[in-house]
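> 3D model of this:
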Amino acid sequence: MPRTFEDDPRFRVDPADASSAPDPLAGRQLRPMARTAGSSEAGQAWQQQLARLERLQRQIDDLEVLARQEREWRQRELQPLRQRRRELAVGLAQGLAERLHDKALSERQRQVARQRVCDLAAQMADEGDTAMRDLHDRHSPRSWQQRRREAAQDLRLRLEARLGEVLDLGEVPLSPELVWRVGLEKLRELREGRRGQRQARAQARQAGRAPAAAQDAAQAQAAEADQTLRQLYRQLASAWHPDREPDEQERQRKTVLMGQANAAYERRDLLSLLRLQELAVQDGMTGGGQTPADERLAAMTLLLRRQVAERERARAALQSELGLEFDLPLGQAAQPQTLAADRQAKQQALQRAVQALERDRDSLDSWADLKRWLNAPWAA
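I've put the predicted structure just below:
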């Protein structure tokens, strides 16, 4: 007798392999089930939640595609400019450092040049250049580490004042990047916590008003939802048991499908189970079944509502992660328009930085140009 599907290790999806595993539903335009017949209240509620869930899933899928495209665009458009800026900054810092002790420069000009060396070297050290870190520390009264700790502490104070919360930074060395990341995570936690508190208060008020009969009905509906998931899963297990398949290629395909069904069942993902069920119907592995009664539809709608809430949280979390990854301004959501505008702004800023560094580098070619540059109003 075949072992229980939930316990069979062949059908466990390894999270490390989830992104590379073939998706049996890819490229198929499926309806999870026949659109509910009639115009009953339960049928309308089902269709409404199903449409919301499908829309949210499309938005999440679109965001993931957008993120991949954005990484490619930024690598292609911004990375060459960053590399050019780095080369110019390193060359300018080294060239200025070589001229610091020349008697042709006044004391004030040497101070300006030394500060410029330290600023350029610190910027490159922030990007991981250890040689520039050493150059900075040779010419600065404060070490690069001290400079970063001070910047991190200043950022920490500003974020804590804004959040009204103390940031828990642990025992690791303090850095601006760490403070910024922890601050954003705390902001997301506060938003989620406040949203959860509002929902809990609303549920408590609703529960307080609900009579005992309504509470019993809600419990019965939850039990019906659990039974619906179990029944769907069992139907798929019966249709796709790989041990009953003599063809090796088809057996491998069914093993993948059962892995997908197991993962969906563990997540209580009704939509994925319904999509897999329709795939089984299209393959002739199981019958299409009857349109569910209103009681079953209400239970299934309850599951969909929970999935809608989960997808909304997943979309918000993904937008926050992308905002952090692409260094968007605080509070700005990752959307095609905002990412494109941010990328263009960063590209223009890099172009201006490259042009300025090229002009500064050219000033090293003669003492007269160098002195004019060090005497410029910006250096006062």
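
> Could you list the buried residues of stretch 230-248?
Within stretch 230-248, the residues scored as buried using 16 or more other Cβ atoms under 10 Å are Leu232, Tyr233, Gln235, Leu236, Ala237, Ala239, Trp240, His241, Pro242. Glycine gets a C-beta too; all of them are placed from N, C-alpha and C.

> Now intersect the residues you listed with the helices, please.
Among the buried residues of stretch 230-248, the residues falling in helices (DSSP state H) are Leu232, Tyr233, Gln235, Leu236, Ala237, Ala239.

> Tell me who's in contact with the residue nearest to the first one when sequence neighbours are not counted.
Spelled out, that is Leu232. Sequence neighbours aside, Leu273 is the residue nearest to Leu232 in space, at 4.5 Å (criterion: Cβ to Cβ, 6 or more residues apart in numbering). Leu273 makes contacts with Leu229, Leu232, Tyr233, Leu236, Ala261, Ala264, Tyr265, as judged by Cβ atoms under 8 Å, 6 or more residues apart in numbering.

> can you tell me which of these lies nearest to Pro336?
Ala264 (29.6 Å; Cβ to Cβ).

> can you count the residues close to that closest one?
Ala264 is flanked by 22 other residues according to other Cβ atoms under 10 Å.

> What of Leu364?
17.

> so what's it up against?
Leu364 sits next to Leu92, Gly95, Leu96, Arg99, Leu370 when contact means Cβ under 8 Å, 6+ apart.

> 10 Å instead?
Leu364 is in contact with Gly91, Leu92, Gln94, Gly95, Leu96, Glu98, Arg99, Leu370, Trp373, counting by Cβ atoms under 10 Å, 6 or more residues apart in numbering.

> Same question for Ala225.
Arg268, Leu270, Arg296, Ala298, Ala299, Met300, Thr301, Leu302, Leu303, Leu304, Arg306.

> per-residue pLDDT, the fourth one?
This points to Ala298. pLDDT recorded at Ala298 is 79.

> Roughly how far does it sit from Arg58?
Relative to Arg58, Ala298 is positioned 25 Å away (Cβ to Cβ, to the nearest Å).

> More neighbours: the two, which one.
Counting neighbours by other Cβ under 10 Å for Ala298 and for Arg58 shows that Ala298 has the greater number, 21 against 10.

> So for Gln277, what's the nearest residue that isn't a sequence neighbour?
In this structure, Gln277 finds its nearest non-sequential neighbour in Leu232, 6.0 Å apart by Cβ to Cβ, 6+ apart.

> Check Leu302 too.
Counting by Cβ to Cβ, 6+ apart, Leu302 lies nearest to Ala225, which is 5.1 Å off, once chain neighbours are set aside.

> Which SSE is immediately downstream of the least confident helix or strand in the chain by mean pLDDT?
The helix or strand of the chain with the lowest confidence, counting by mean pLDDT, DSSP states H and E, is helix 15-18 at a mean of 44. For helix 15-18, the following helix or strand on the C-terminal side (DSSP states H and E) is helix 41-77.

> Just the buried residues of that next one, please?
Under the neighbour-count criterion of 16+ other Cβ under 10 Å, helix 41-77 has 42-43, 45-46, 49-50, 52-53, 56-57, 59-60, 63, 66-67, 70, 74 buried.

> Could you tell me which ranges of the chain sit under the pLDDT cut-off?
1-39, 194-222, 285-293, 295, 378-380 (pLDDT under 70).

> all helices of it, in order?
Here the chain has its helices, by DSSP H, at 15-18, 41-77, 79-99, 107-126, 130-139, 144-163, 176-209, 212-239, 248-266, 270-282, 294-325, 336-362, 367-374.

> starting at the chain centroid, how far to the longest one?
Yep, that's helix 41-77 we're talking about. 13 Å (Cα atoms, centre = their mean, to the nearest Å).

> any idea of the angle that helix forms with helix 270-282?
Here the directions of helix 41-77 and helix 270-282 differ by 100 degrees (axes from the mean of the first three to the mean of the last three Cα atoms, to 10 degrees).

> repeat for the fifth one
Between the direction of helix 130-139 and that of helix 270-282, the angle (the same axes, to 10 degrees) works out to 170 degrees.

> Helix 130-139 - contacts with which helices or strands?
In terms of contacts (3 or more Cβ pairs under 10 Å, 6 or more residues apart in numbering; DSSP states H and E), helix 130-139 is packed against helix 79-99, helix 107-126, helix 144-163.

> Arg191 is nearest to which of those helices?
Across the helices and strands packed on helix 130-139, Arg191 has its closest neighbour in helix 144-163 (10.7 Å, Cβ to Cβ).

> List the buried residues for that closest one?
Trp144, Arg147, Arg148, Arg149, Ala151, Ala152, Leu155, Arg156, Leu159.

> could I get the residues you listed as a markdown table with distance to Arg133?
As requested, these are exported to a markdown table (distance: Cβ to Cβ, whole Å):
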| residue | distance to Arg133 |
| --- | --- |
| Trp144 | 5 |
| Arg147 | 10 |
| Arg148 | 10 |
| Arg149 | 14 |
| Ala151 | 15 |
| Ala152 | 16 |
| Leu155 | 20 |
| Arg156 | 22 |
| Leu159 | 26 |
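
> Closest to Gln111 out of these?
Nearest to Gln111 among these is Arg147, at 17.5 Å by Cβ to Cβ.

> could you list every residue that touches the closest one?
Taking Cβ under 10 Å, 6+ apart, we find Arg147 in contact with Cys118, Ala122, Ala125, Asp126, His136, Asp137, Ser140.

> change it to 7 Å
Ala122 (Cβ atoms under 7 Å, 6 or more residues apart in numbering).

> That one and Asp327: what is the separation?
Applying Cβ to Cβ to Arg147 and Asp327 gives a distance of 21 Å.
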